[in-house]
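Engineer: need a structure here:
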Amino acid sequence: MSRKKKLKLDTGDILSINLDNNEYAFARVLTKVSIGHCIEIFDFIADSQSQYTKVNFQSRLLSPQIIDSYSIFWLRNEGDWEVESKQKDFLPTKDEATKFKYGDKTNLTLIDIFGNQEAMKENDGNRYPPYSPKGDFQIKKIIKFWRDKNSGSD
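Structural biologist: The predicted structure follows:
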């Protein structure tokens, strides 16, 4: 088995994610964050990596996710992810509303994909996902959940 090349991700990279069942999901890198990379996953599943050219970049499957890009792309010890292409002039919009929460219950903070921080209001409850990276297994589980939810399956 040949060892896969270590990869460094950049904003605009188009990724394929092997879902282990002859299906591929596709994503794009939005930004680098302190704990990994924030990606958007698209509402398009194909039976070949090469079909990344058919992705509708306006159609997200779910809200952006933070991935453990170090394990997935540098160490190459999780999953089967590849960089298929790069959108050279891509920049996430400044009005990207995705935020994550971190800190303890007495001092919860929100952080957006650009690193901007603000105090979390008490009434925000569980509206924001935790600021922690997800690995291959977790991302595949989330993709399956949203695919099932969108198709009306249980």
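Engineer: what about R127, distance to M120?
Structural biologist: 9 Å (Cβ to Cβ, to the nearest Å). No exception for glycine: its C-beta is placed from N, CA and C like everyone else's.
Engineer: With K86 instead?
Structural biologist: 34 Å.
Engineer: neighbour-wise, which of those two wins?
Structural biologist: M120 (19 against 15; other Cβ atoms under 10 Å).
Engineer: Assign F42 to helix, strand or coil.
Structural biologist: strand (DSSP: H, G, I helix; E, B strand; the rest coil).
Engineer: F137 falls within a helix, correct?
Structural biologist: Yes - counting by three-state DSSP, F137 is found in a helix.
Engineer: Would you state the strands of this protein in chain order?
Structural biologist: Using DSSP state E, the strands of the chain run over 13-18, 24-33, 36-46, 65-67, 81-86, 99-102, 109-112, 117-119.
Engineer: where does this structure have low pLDDT?
Structural biologist: 1-3, 125, 153-154 (pLDDT under 70).
Engineer: One more pass at 80, please.
Structural biologist: 1-4, 122-126, 152-154 (pLDDT under 80).
Engineer: quick one, which residue of it lies the farthest from its center?
Structural biologist: T106 (28.2 Å; Cα atoms, centre = their mean).
Engineer: re earlier: highest average neighbour count across the strands of the chain?
Structural biologist: Of all the strands of the chain, strand 65-67 has the most neighbours on average by mean count of other Cβ atoms under 10 Å, namely a mean of 25.
Engineer: I'd like to know which elements it is packed against.
Structural biologist: strand 36-46, helix 136-151 (3 or more Cβ pairs under 8 Å, 6 or more residues apart in numbering; DSSP states H and E).
Engineer: That's all I had, so thanks and see you.
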